[in-house]
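Asker: Could you look at this predicted model? Sequence included:
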Amino acid sequence: MSTGSTPSDPEDDEIFHGSVSANMRNITYLSTRRYLDKDLEDEGVERRIHRLSKAHQKESRQSQRNAANARERARMRVLSKAFSRLKTSLPWVPADTKLSKLDTLRLASSYICHLRQILQEDRLEDSFAHPVSLVRNFSNSHYW
DNA sequence: TAGGCCATCTGGTCCT
DNA sequence: AGGACCAGATGGCCTA
């Protein structure tokens, strides 16, 4: 008769060996699983790092873009201020006149032509050395 | 409502 | 690599 779970019993022996091999299989499985888990874990970490660095890159790109946008806004503000100054330096244009940038450029351009004409006329008059032309030059100096 | 104007965003290029 | 400059796209506001 069997004395229980003695290995001498063929049946028990089989069970015993079966359980041993099952244990072995279990151990092998567990250790393999542990390695796999470690690999998966490592892969997960790498993936996470990769994902984080991607996110960081994206964030960095976005913040660079935002900075560039801010610089561009500042640049355009400077340009608009320059247009405003140019507008105020145009005579016969009331301060509250609504003038587009294009209109400002056109008026400034025609004003420069006008001034150039005056200069040429004055040079012609200067060639006669008439004292009145000198006075007129002085009285017109507010243009400068 | 169409058209003009403007501010802003964006990607490309050039320069330092 | 980062900043300046530029031109195109887009959306909002205003006016005839």
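Answerer: Yes, it's here.
Asker: Kindly report the residues of chain A close to DNA strand C.
Answerer: By CB under 7 Å from any atom of the strand, the residues of chain A that approach DNA strand C are A:64, A:67-68, A:71-72, A:75. Any C-beta I mention is one placed from the backbone N, CA and C, and that applies to glycine too.
Asker: residue of chain A with the smallest distance to DNA strand C?
Answerer: Of all residues in chain A, the one sitting closest to DNA strand C is A:R71 (4.1 Å; CB to the nearest atom of the strand).
Asker: Name all residues that make contact with that residue.
Answerer: When contacts are counted by CB atoms under 8 Å, 6 or more residues apart in numbering, A:R71 touches no other residue.
Asker: I'd like to know the phi and psi angles of it, please.
Answerer: Backbone torsions for A:R71, taken as degrees, to the nearest 10, come to phi -60, psi -40.
Asker: Got the confidence number for it?
Answerer: We have a pLDDT of 91 for A:R71.
Asker: what do you get for the one 5 residues further on?
Answerer: In the predicted model, A:M76 carries a pLDDT score of 94.
Asker: in what helix or strand does it lie?
Answerer: Element membership for A:M76, per DSSP states H and E: helix A:10-88.
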